[in-house]
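Enquirer: mind looking at a prediction? Sequence and model below.
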Amino acid sequence: MTNALGYTLLAMCSLVLSACGNSANENVHTANKAHSHGVPEVVPGVWPPVLSNIENQRLLPTPRRSQGASVLIAVARNSVMSNPNVLTQLGNRFTELEASVGDAKSGTVANFLFYNYTTDQTVSVALLSNGSIDQKVYNASSYQPAENSEEISTAVSLAIEAMTDDGVDLAEFKGTAMLAFPASSESASEDRLEFYPQRLLYVTFGEGDGIEPEYQALVNLSQASVVEYGLIRQ
C-alpha cells in the first residue's frame, strides 16, 4: 500500500470515529464477571456471536452507528468520484442508486451502484481497503436496481408536463413512480425480459391514502420522454 493510500484510509477511519463520538466509552461492558472467569465464553449455535458471561452490556446506539456508516460512505464516495475510470464509465448523465458499507472480510470499504442514462448501463463500483477500485458494468436489460427518490421526482414531473399539455387535470392527485418491468408479451423471444433495455419508470396518479390511482404513465428516463399515459382501467 502506498503512503497516499494509507493516509486516505487512515483519514476515513478517523472520520468514522469522530462521527461516532465517544463510542469507545459507549460500547462497553460491565465485565467483572467475565474477568473473574478468564476469556469470555460464546453462546453455542448463535450467529452473530453472543457472549454468555457478560453482564450489563451497553451497545453503541443505532443512531451513532448509522452516523458512522454515513460518514464512511461519504468519504468513500468522494474517493470513487475522483477516479478517472469511474467518471469515464458514468459519463455526463447518471444517478447513484445504492450505497452501502462494504464487507471487511472481502476487503471492501464501500459499494455503489450507478445508472448511466446515456449508455443504459448499471455500473457497480467497490472501493477496496487498499484504495483500488473494482468496477463492473451491466447492460440495462440484464440488471437494474430499484429507483431512487430523484428518479421518482423526475418521472412524475415529466408525466405531469406531458399529461397537462394534453388537457389532463392532475391538480387534485398525488404522483408516485417505480421501476417498470416488461410484460412477457413485450419480449422478442419466449423468455420474458427481466428488465427494459432503457431506464423506464411506471408512474401513477391518484388521491393516495390507499385509494386506487386513476391515471398511469410510462416514462423513459434515458430519453427524458413519456412513452404513454392514460386512465387506469378499473
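Expert: That came through fine.
Enquirer: helix or strand with the lowest mean pLDDT in the chain?
Expert: strand 28-30 (a mean of 36; mean pLDDT, DSSP states H and E).
Enquirer: for residue 135, which non-adjacent residue is closest in space?
Expert: residue 125 (5.3 Å; Cβ to Cβ, 6 or more residues apart in numbering). Glycine gets a C-beta too; all of them are placed from N, C-alpha and C.
Enquirer: please enumerate the helices of this protein.
Expert: Using DSSP state H, the helices of the chain run over 3-20, 23-26, 32-36, 62-80, 84-90, 149-165.
Enquirer: list the buried ones in the longest one?
Expert: Under the neighbour-count criterion of 16 or more other Cβ atoms under 10 Å, helix 62-80 has 64, 67, 68, 69, 71, 72, 73, 75, 76, 77, 79, 80 buried.
Enquirer: pick out the most distant pair among these.
Expert: 64 and 80 (24.6 Å; Cβ to Cβ).
Enquirer: circling back: is it possible to export the buried residues of helix 62-80 to CSV including distance to residue 139 and pLDDT?
Expert: Output for these, formatted as CSV (distance: Cβ to Cβ, whole Å; pLDDT from 0 to 100):
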residue, distance to residue 139, pLDDT
64, 40, 63
67, 37, 74
68, 35, 75
69, 31, 87
71, 34, 92
72, 30, 93
73, 26, 95
75, 31, 95
76, 26, 96
77, 24, 97
79, 26, 96
80, 21, 97
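Enquirer: burial count for the closest residue to residue 218 other than its chain neighbours?
Expert: Leaving aside its sequence neighbours, residue 218 sits nearest to residue 227 (Cβ to Cβ, 6+ apart; 4.2 Å). Neighbour count of residue 227, defined by other Cβ atoms under 10 Å: 14.
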